[in-house]
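Participant: Take a look and give me a structure for this.
(one chain, ligands or ions: 1)
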Amino acid sequence: MTAESTAPRPVWEAAVLGRPGPDGHVTCELCPEACDLAPGQTGVCAVRRNHDGALQTSTSAASVQHVDAVERKPFFHVRPGGRVLTLAAPGCTFRCNYCVNHRLSQYGRDAGISWTARPVQPADLVARARADGLMLGLSYAEPALAIELTLGLAEAAGPDGPPVLWKSNGYLTAAAADLVAPALTAVNIDVKAAREAPHRRLTGAPLAPVLRTVERLRAAGVWVEVTTPLIPSVSDSDDDVRAIARWLAGLDPAIPWHLVRFVPDYRMRRPDPTAPERLRRAAQLAREAGIQQVYCERALGPDGRSTRCPRCDTRVVERGVWETLSDDLVAGTCPACHTTIPGRWSV
Ligand code: SF4
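Facilitator: Residues are numbered from 1 along each chain as shown. This is a model prediction of the structure:
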């Protein structure tokens, strides 16, 4: 047997959100690209195709399958200290120039990246998660492209099974968001810029659908946290930070906002990493705009990672880097003043 014959290859299965058209065409309604695919054609994402007039996906598969902390997704208001069986198949609907996961996410867009995923079965993954007390998460590439796997995991888990989490770019149609919302306990969505032009330059895609997905999933009852990388000249100016903060505070000031440091990677070797002073300033602006929970993973030390009661300022959850050190919440409330602090603390 040659090495070549054992290399993983995409395995294609029926996909959701395909709308049949004339002459065997099918339109994919998963993301706003709305690819109109002739028979034999593959979408912009390279992981969905038209096969004999039916939409197919190759993402009921995983290149990555490992356990890590829920804080690492990052989720700071979902089962503190919980562990997540994290899955990823190749593919993304964005082409971010700084993507640290480009060897996975840019499959089909970057010619040097090969398929590395092997098929997975939702029932097997749920059984493992149940046995080990894990949540289930999709991350590293774009989980929306694995919507069929997500629906399968939620179905296998049932109402009392492991929660399903996404770390997503939020680039979904309304139909896709509505379809997946009942399957998701929580989602962390990247809002990578405040304005359309820099967002398009950075990701290759418009910003507006991302904001609509945040709004739609939250309205559907999914727990939502938001992450913004502070990228010099893209998203780190005072005006940019204020614009995102005001939009988020207008939606719900209790939505946790993670401000993360930009680190040069992939095609973006400049500028330098975000300075801690910039993160500190952004966190201050976010609080001034009314955001109750603003987080920075590392650059601002333990204070940047703690959850404090928005009413009496008692520290209710203390975190290290990607771990929970202490959780003093009492049934989701502050132990000092009994204010409810929104989250999915005990899923
Ligand atoms: S998910 Fe893929 S195939 Fe579907 S519309 Fe988006 S880019 Fe096109």
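
Participant: Neighbours of the residue in the stretch 101-250 of the chain that the ligand sits nearest to, how many?
Facilitator: Distances between the stretch 101-250 of the chain and the ligand by C-beta to the nearest ligand atom are smallest at residue 145, namely 5.9 Å. (Glycine included, C-beta is placed from N, CA and C.) Using other C-beta atoms under 10 Å, residue 145 is surrounded by 29 other residues.

Participant: try residue 124
Facilitator: 10.

Participant: and it, what element?
Facilitator: If you go by DSSP states H and E, residue 124 is part of helix 122-132.

Participant: Direction included, what does whichever helix or strand comes after that helix pair against?
Facilitator: Next in sequence after helix 122-132, counting helices and strands by DSSP H and E, comes strand 135-138. Looking at strand 135-138 with DSSP bridges, its partner strands are strand 83-88 (parallel), strand 164-168 (parallel).

Participant: pLDDT on the next helix-or-strand element following strand 135-138, on average?
Facilitator: Using DSSP H and E, the helix or strand that follows strand 135-138 towards the C-terminus is helix 147-157. Per-residue pLDDT values across helix 147-157 average out to 98.

Participant: Which parts of helix 147-157 count as buried, going by neighbours?
Facilitator: Buried positions in helix 147-157, judged by neighbour count with 16 or more other C-beta atoms under 10 Å: 147-154, 156-157.

Participant: Next, format those residues as CSV and append distance to the ligand.
Facilitator: Listed next are the buried residues of helix 147-157 as CSV, based on distance: C-beta to the nearest ligand atom, whole Å:
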residue, distance to the ligand
147, 9
148, 12
149, 14
150, 13
151, 15
152, 17
153, 19
154, 19
156, 23
157, 24
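
Participant: of all these, which comes closest to residue 92?
Facilitator: residue 147 (13.7 Å; C-beta to C-beta).

Participant: check contacts around that closest one.
Facilitator: 16-17, 30, 176, 179-180 (C-beta atoms under 8 Å, 6 or more residues apart in numbering).

Participant: ok, for residue 129, nearest residue in space, not its chain neighbours?
Facilitator: Spatial nearest neighbour of residue 129, excluding adjacent residues (C-beta to C-beta, 6 or more residues apart in numbering): residue 162 at 4.0 Å.

Participant: Run a quick neighbour tally on that neighbour.
Facilitator: Neighbour count of residue 162, defined by other C-beta under 10 Å: 27.

Participant: With residue 170 instead?
Facilitator: So residue 170, with other C-beta under 10 Å, has 28 neighbours.

Participant: With residue 93 instead?
Facilitator: Residue 93: 26 neighbours (other C-beta under 10 Å).

Participant: now swap in the one 4 residues further on and tell me
Facilitator: Close neighbours of residue 97, defined as other C-beta under 10 Å, add up to 18.

Participant: how close does it get to the ligand?
Facilitator: Residue 97 sits 18 Å away from the ligand, going by C-beta to the nearest ligand atom, to the nearest Å.

Participant: Pull the number of nearby residues for residue 197.
Facilitator: Neighbours around residue 197, by other C-beta under 10 Å: 10.

Participant: quick one: it is in a helix?
Facilitator: Yes - with DSSP: H, G, I helix; E, B strand; the rest coil as the criterion, residue 197 is located in a helix.

Participant: before we move on, back to that, now mean pLDDT and distance to the ligand too, for the strands paired with strand 135-138, in JSON lines please.
Facilitator: Compiled in JSON lines, the strands paired with strand 135-138 are given as follows (pLDDT from 0 to 100; distance: least, C-beta to the nearest ligand atom, whole Å):
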{"stretch": "strand 83-88", "mean pLDDT": "97", "distance to the ligand": "16"}
{"stretch": "strand 164-168", "mean pLDDT": "98", "distance to the ligand": "13"}
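
Participant: Could you say which of these is packed most deeply?
Facilitator: strand 164-168 (a mean of 27; mean count of other C-beta atoms under 10 Å).

Participant: Show me how far it is from its chain's centre.
Facilitator: Relative to the centre of its chain, strand 164-168 is centred 5 Å away, using C-alpha atoms, centre = their mean, to the nearest Å.

Participant: thought residue 25 was touching residue 38?
Facilitator: Yes - counting by C-beta atoms under 8 Å, residue 25 does reach residue 38; the two are 5.6 Å apart.

Participant: what about those two, which has more around it?
Facilitator: Shown here are residue 25 and residue 38; by other C-beta under 10 Å, residue 25 has more neighbours (15 against 12).

Participant: picking that back up, identify the contacts common to residue 25 and residue 38.
Facilitator: Common neighbours of residue 25 and residue 38 (criterion: C-beta under 8 Å, 6+ apart): residue 50.

Participant: Leaving out sequence neighbours, find the closest residue to the residue of the stretch 101-250 of the chain closest to the ligand.
Facilitator: Once flanking residues are discounted, residue 145 sits nearest to residue 91: 4.7 Å by C-beta to C-beta, 6+ apart.

Participant: who are the neighbours in contact with the one you found?
Facilitator: By C-beta under 8 Å, 6+ apart, the neighbours of residue 91 are 45-47, 59, 105, 107-108, 141-142, 145.
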